[in-house]
Each structure stands twice: as structure tokens, then as C-alpha cells.
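K.L.:
This is a predicted model, with the sequence first.
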Amino acid sequence: MQKLARKFIPATDEVWRLQNRSDLECRFFQGFSEGGHYGGRSRPTSTRQGIYCCTPAGRFLGSINTSRPAAMANMLKAALAKWRAIPQEKRLLAYDPATRVAQIQRAERRYPKDGLAVRVYSRDLARPGRPAPNDWRGRAWNVDSLWFHQAEAARLLPADPKAGASHAWPAALAQRLVCRNLVDNVRGQTNGYRRPRVAEITTTVTAVRGSIVHLTLRGRSEASTTGRWPTDGDVADMQRGDPWARGVRTTMYGEAEYDRKAGRFVRFELVAAGTRWGRTRYNFRQDDDREAPIAFAIVLDPKDLSRRVAPAELGAYGW
């Protein structure tokens, strides 16, 4: 697999946007994905999720949706054979894609370079009877992003940051974290919450050294909802008699450092640990929906531009 992979240029993206939007790269994806394993399919879903091989000109070479190395390797071998049979002059686009980058309106363009951007990692905590070590669910973890504009980030600490001063996060900003990121996405995709039952986070100044303000973070959260939604990949279970319930409850502890001269956080480490329950359509909790421990680690976004990913629920920010 590794030898084969070196013969390709890998790229990853969120498939819903690619298959539904009309930006340049979306139309590019739509042009070759219809030749793949889900081509023309509209039922039971319209997804084009999977692994595709294509030429720079957008000519389809092969595709698959699998986690099995042998099947993946066979697809790559077949794609390489097709690639070698294509004349050089037909492999590339007729124009330089770099000249059309401005036509692409990706969510990452809203990245708050002068604000606060953090990664939110989620995973299950140890518990009796958890999946066996060789079960992927026992090792599962996930990651999402959380963004604040510079003015929003400044509102996370006291206006006059002196040692001993405390400040409660504005409700809308605390709720952004609780409702959009403290969700049970450990094993897969899930929705956020409309509003929390509890979203309390307090920042306290422990020391001020030069331009650096040293902070501790304390908080608690609870967000839940009850209703009917698909849970097993089938909308039929929405007709069941009793409504579903799902939620997450946590206690938070963290430390951070804010550079007043630069007007930004230079360190941000927050842990939220507690309990989750319930399930949704794509979070793989069909046989594991009772209360169980969960945790989140929240740290500054990596400096590597290529690793910046927009929050899954950026559309709910109101930006």
C-alpha cells in the first residue's frame, strides 16, 4: 500500500460540499465521481463518499469505499494501469488551476488569523465492558475546530486582567463551544444542539508577567435534546413510539496564556470530561447508547496551513 500510495498525490475534502456546491473544485469532483462506485445512485442516499483516483484533467481512473487494504491496493493498481495508457497531452487541464483559485469560496477562507482557533479532540474514556482492543470503536477518536474572531477572543478574559480577576465567558461564546463542539462525534458524524441547559465557563487571572496574562479556565456544560430522528441509517425508525434522547454533560478545567501586546492567545489548553448518552444516525452508537464517559481536549490550532479545517458547524456561527 505504501509503495502504491507514493505514486499518487493524495487530497482529502468534505464530500457533501463537493457533491452539492458549484465552486470550481466541486464541479471538478462531480465530473469524475459519477463514473465511480456510487455513480447515478440516489437511494438510499445520494452520497459520493469514498476514495477516487483521477487525472489532473478530471478523467476518472478508479474508486472504492473501503477500509480493507487489499481491496484498496487492487483499485490503485487498476487506476495506475489506466493512467499509463493515457497520452501525456491528455493528462492535464487546458489551463493553470492556480489562475482560478479566487473563484473558490471555501470555509477555510474565514479562518480567524488574528483570533483564537483551536482543535477539539474527542474520545471515549476507559470503562468496564468497552469494545475489545482489536475493535476500532475502542480506539476511536475524532477532531473538529472551534473559531473566535479577535474581538470575541478578547472577551474570554477580564477587561482589566489583574491577578485574581475573574470573568464569565459571554453566553453566546460559551454556547458556541458547548453546542457545536462538546458533542458525541467520537465514532462519526453527529449534529450539535440548539441551546444548552448549562454553558458556564469562567476565566481567572493567576498572574501577569510582562505582556503575558496567565489564566485558568473552569466550567461545566450540559446540552441535550429529545425527539425523533434517524438512528440506524433508516428513516423508518423515526416512526417509533418513544422519542430518542441524547446529550453530553461535562466539567471543564484548563489553562491559557494571552499576549496583550499581540492581542491573541499564545497558549490554550482545556479539558472537558463527563458523560454522554443517546445516538444519532451516523455516530455509530446503535449498540452503545447508554450513559458512558467521554472527554474532549481543546488546544491551539496547528501552525501548518495545510492542516487548518473549518468547524463542522461554522454555518451556525452567524459570521
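P.N.:
Sure, I can see it.
K.L.:
residue farthest from the centroid of this structure?
P.N.:
residue 87 (39.1 Å; CA atoms, centre = their mean).
K.L.:
per-residue confidence at that residue?
P.N.:
With respect to pLDDT, residue 87 scores 95.
K.L.:
repeat for residue 146
P.N.:
97.
K.L.:
Residue 53 now?
P.N.:
pLDDT recorded at residue 53 is 98.
K.L.:
Likewise for residue 240?
P.N.:
62.
K.L.:
Quick check, central residue of the chain?
P.N.:
Short answer for the chain (CA atoms, centre = their mean): residue 144, at 3.2 Å.
K.L.:
in what helix or strand does that one lie?
P.N.:
Here residue 144 sits within strand 141-148, counting by DSSP states H and E.
K.L.:
do the same with residue 287
P.N.:
Counting by DSSP H and E, no helix or strand carries residue 287.
K.L.:
If we go by neighbour counts, what in the lengthiest helix in the chain is buried?
P.N.:
If you go by DSSP state H, the chain has its longest helix at helix 69-84. The neighbour-count check on helix 69-84 (16 or more other CB atoms under 10 Å) flags 72, 75, 76, 79, 80, 83 as buried. All C-beta atoms are positioned from the backbone trio N, CA, C, and that covers glycine.
K.L.:
what mean pLDDT does that helix have?
P.N.:
97.
K.L.:
Mind giving me the packing neighbours of it?
P.N.:
In terms of contacts (3 or more CB pairs under 8 Å, 6 or more residues apart in numbering; DSSP states H and E), helix 69-84 is packed against helix 2-5, strand 51-54, strand 60-64.
K.L.:
Quick one: closest of these to residue 197.
P.N.:
The closest of these to residue 197 is strand 51-54. By CB to CB, the value is 40.4 Å.
K.L.:
Listing partners with orientation, what would you give for the closest one?
P.N.:
Taking DSSP bridges as the criterion, strand 51-54 forms sheet pairs with strand 60-64 (antiparallel).
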